[in-house]
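*Asks:* For reference, the sequence and a predicted model appear below.
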Amino acid sequence: MTKYIFVTGGVVSGLGKGITASSLGALLKARGLRVFVQKFDPYLNVDPGTMNPYQHGEVFVTNDGTETDLDLGHYERFIDENFTRLSSLTTGMIYSTILNGERKGDFLGQTVQVVPHVTNEIKKFIYKATDEIKPDIQIIEIGGTVGDIESLPFLEAIRQIKLEVGFNNAIFIHITLLPYLSTSCELKTKPTQHSIKALMELGIIPDFIVLRAERKIPNSIKEKISKMCTIPQEKVIALPDLKIIYEVPLCLHKQQMDDIVCKMFNISKKIDIQKWKDLIKKYNNIETKINVAIIGKYIELKDAYISIKEALEHAGINLKTKVNILWINSEKINNYNIEKELIKIDGILIPGGFGNRGIDGKIIAIKYAREKNIPFLGICLGMQLALIEYARNILKIEDADSTEFNLETNNPIIDYLPNQYKGINFGATMRIGIYECNIKQQTLAHKIYGQNQISERHRHRYEFNNNYKQIFEDNNVVFSGINPQTNLVEIVELKGHPYFIGVQFHPEFKSRPLNAHPVFLSFIEAAIKNKEKNMLKGDIYD
């Protein structure tokens, strides 16, 4: 029988519910258990696909093309599983389903209410995943914090589920904040006590309390929480800030959290976490440091590029290299300050995005990378801008552009080309989810992957216009990856450059800490070589 773990949060948002739940999931998978995850977001948007990254960070994309909250990225990275449309649910999805059903007469004239109709729809979604996936462990994270109006139906639904499946088959984990007051030099437990009280008033008694704090949590605090919240002390888990998030599984395991969970579920399977120990050992034995610039327009909110940030870290750890990311606002780059901004950079990465804000700065940075032989990786929009830059400055097509930015351009190097889709369903007008790519031999792409065919995740609307393909190929551009169904360009590289590659897809979505993505591994390797070359030339690095 599937066992359920429900994860809630209190006091403030952003405590790391996703990372904590992901880490527990990783520990349970390390015992040979099949783990499936669901993230429930209380907002009324149907999904985060149309939300500004400043609102909710990165939009993570699954293999089947579902646009989800960034926490699904944490789950995939830690647990090393590909999740699906059954992993993401929002209030908007629930109400859309219910209201469409009401208009069709599905409720036979009943008064449609939050209880039981909304809560039943939530439970239905949970049980559907159980029936289709048949996991040993099903982890459900409830977004937001206890006390929010929006999350009340979700909390009521999971309260009912524990009653339905049996108390021995469901666990509640509540994550709270212990704020530190510098004036009195102490961690305060009162917010946690109030959060637990609010949860219990809703009929949910937590089986575990995970305490988040910016510093080490003494046993006296755990003992106090245990007494005040009526929970055994061994089920009060301390989770202070750590040097790296991938230490969290070992932190939880050291406190026997996974052992206690398995005992409660009557599961007796041995664990093997040697890979996680090896990963942290590599991290603690970093041998060198490089500087990589991420040039984008959401740099004030690092969560907008969180999968890229993590993918760079995965590659760096595996290569025993500290990847120091310099976040550079593309709107502030111009021809006069580019040298100053990028003088000590070992690699340049242009991420994906939508809209024309900050485009000019990105193109200037791409030109700089190309002319100065700095390793360059362009992802999605980054690849498209690399082609536009090359067309303008090398092919002398001065008005080369994308119809995303200029509908009137006479030379749409990048265009929306529905005729190339050949009837394939891409979800409205976007190519989204996983698609195949054939790789040409004797190219950088083939060296990176070591395969003739790969599959990667997409999230974009515009494509390279194949009408311009020949002129690029005649001028040292290699289209090394092509989609076999549509002939759309997937990978571009530049002859004669030490490392210059653009990909139409998002490789960051498939990178894992225990299995770094080959594109990022090769990019970091190139950046390391670039730094070594410059050091031999006598260049000075901080």
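*Replies:* All right, it came through fine.
*Asks:* Give the helix, strand or coil label for the residue nearest the centre of the chain.
*Replies:* The centre of the chain sits closest to residue 73, judged by Cα atoms, centre = their mean, with a distance of 3.4 Å. Under the three-state scheme (DSSP: H, G, I helix; E, B strand; the rest coil), residue 73 adopts helix.
*Asks:* quick one, what contacts the closest residue to residue 133 other than its chain neighbours?
*Replies:* Using Cβ to Cβ, 6 or more residues apart in numbering and skipping the chain neighbours, the partner closest in space to residue 133 is residue 36 (4.7 Å). Placement of C-beta: from N, CA and C, glycine included. For residue 36, the contact set (Cβ atoms under 8 Å, 6 or more residues apart in numbering) comprises 81, 83, 86, 87, 129, 133, 135, 137, 138, 139.
*Asks:* Kindly recompute the last result at 10 Å.
*Replies:* Applying Cβ atoms under 10 Å, 6 or more residues apart in numbering to residue 36 gives the contacts 2, 25, 75, 79, 81, 83-84, 86-87, 129-130, 132-140.
*Asks:* Would you mind checking these for buried ones?
*Replies:* Buried members of these, counted by 16 or more other Cβ atoms under 10 Å: 2, 25, 75, 79, 81, 83-84, 86-87, 129-130, 133, 135-140.
*Asks:* Out of these, which sit inside strands?
*Replies:* 137, 138, 139, 140 (DSSP state E).
*Asks:* Among those, which one lies nearest to residue 448?
*Replies:* Checking those against residue 448 by Cβ to Cβ gives residue 139 as the nearest, at 33.4 Å.
*Asks:* The closest one touches residue 34, doesn't it?
*Replies:* No. Residue 139 lies out of contact with residue 34 (Cβ atoms under 10 Å); the separation is 11.6 Å.
*Asks:* hey, what's in contact with both of those two?
*Replies:* Joint contacts of residue 139 and residue 34 (Cβ under 10 Å, 6+ apart) are residue 28.
*Asks:* Now, the contacts of residue 36 that are in helices?
*Replies:* With helices defined by DSSP state H, the entries of these inside them are 25, 75, 79, 129, 130, 132, 133.
*Asks:* could you pull out the helices for the stretch 251-400 of the chain?
*Replies:* With DSSP state H, counting those that start in this stretch, the ranges of helices along the stretch 251-400 of the chain come out as 257-264, 274-283, 306-318, 338-342, 359-371, 381-393.
*Asks:* Least reliable of the ones you listed by average pLDDT, please.
*Replies:* Ranked by mean pLDDT, the helices of the stretch 251-400 of the chain bottom out at helix 338-342, with a mean of 90.
*Asks:* Need the pLDDT of residue 540.
*Replies:* pLDDT at residue 540 comes out at 49.
*Asks:* re the thing from before, in JSON lines, list the helices of the stretch 251-400 of the chain along with distance to residue 221 and mean neighbour count.
*Replies:* Listed next are the helices of the stretch 251-400 of the chain as JSON lines, based on distance: least, Cβ to Cβ, whole Å; neighbours: other Cβ atoms under 10 Å:
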{"stretch": "helix 257-264", "distance to residue 221": "17", "mean neighbour count": "18"}
{"stretch": "helix 274-283", "distance to residue 221": "25", "mean neighbour count": "15"}
{"stretch": "helix 306-318", "distance to residue 221": "30", "mean neighbour count": "24"}
{"stretch": "helix 338-342", "distance to residue 221": "45", "mean neighbour count": "15"}
{"stretch": "helix 359-371", "distance to residue 221": "47", "mean neighbour count": "21"}
{"stretch": "helix 381-393", "distance to residue 221": "46", "mean neighbour count": "23"}
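*Asks:* possible to save those helices as TSV with distance to residue 483?
*Replies:* Output for the helices of the stretch 251-400 of the chain, formatted as TSV (distance: least, Cβ to Cβ, whole Å):
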stretch	distance to residue 483
helix 257-264	42
helix 274-283	34
helix 306-318	22
helix 338-342	33
helix 359-371	23
helix 381-393	13
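*Asks:* about what we covered before: so the residue nearest to the centre of the chain makes contact with residue 61?
*Replies:* Yes. Shown here, residue 73 and residue 61 form a contact pair, counting by Cβ under 10 Å, at 9.2 Å.
*Asks:* what do those two both touch?
*Replies:* With Cβ under 10 Å, 6+ apart as the test, residue 73 and residue 61 both reach 307, 509.
*Asks:* part of a helix, is the residue nearest to residue 133?
*Replies:* No. Going by three-state DSSP, the assignment for residue 36 is strand, not a helix.
*Asks:* bridging residues for it?
*Replies:* Residue 36 has the following beta-bridge partners by DSSP bridges: residue 138.
*Asks:* circling back to that earlier point, let's see the pLDDT reported for the residue nearest to the centre of the chain.
*Replies:* Note for residue 73: predicted pLDDT of 93.
*Asks:* which residues does the closest residue to it other than its chain neighbours contact?
*Replies:* If the residues on either side of it in the chain are set aside, residue 73 comes closest to residue 60, at 4.2 Å by Cβ to Cβ, 6+ apart. Going by Cβ under 10 Å, 6+ apart, residue 60 touches 39, 48, 66-76, 83, 87-88, 306-307, 457, 459, 506, 508-509.
*Asks:* For residue 16, which residues are in contact?
*Replies:* Residues near residue 16 by Cβ under 10 Å, 6+ apart: 9, 22-23, 71, 74, 175, 177, 210, 212, 239, 241, 245, 248.
*Asks:* for this protein, which spans come out with low pLDDT?
*Replies:* Counting by pLDDT under 70, the chain has low-confidence residues at 418-429, 538-542.
*Asks:* A helix includes residue 413, no?
*Replies:* No. Residue 413 is assigned strand when assessed by three-state DSSP, not a helix.
*Asks:* Look up how far residue 390 lies from it.
*Replies:* For residue 413, the distance to residue 390 equals 9 Å [Cβ to Cβ, to the nearest Å].
*Asks:* ok, now residue 402?
*Replies:* Distance, residue 402 to residue 390, by Cβ to Cβ: 13 Å.
*Asks:* Can you work out which residues contact both of the two?
*Replies:* Taking Cβ under 10 Å, 6+ apart as the contact criterion, the residues that touch both residue 402 and residue 390 are residue 413.
*Asks:* Can you check which residues contact both of residue 413 and residue 390?
*Replies:* Residues within reach of residue 413 and of residue 390 at once, by Cβ under 10 Å, 6+ apart, are 397, 400, 472.
*Asks:* Is it possible to get those out as TSV so that each row also shows neighbour count and distance to residue 348?
*Replies:* Shown next, in TSV, are these (neighbours: other Cβ atoms under 10 Å; distance: Cβ to Cβ, whole Å):
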residue	neighbour count	distance to residue 348
397	18	23
400	23	21
472	21	21
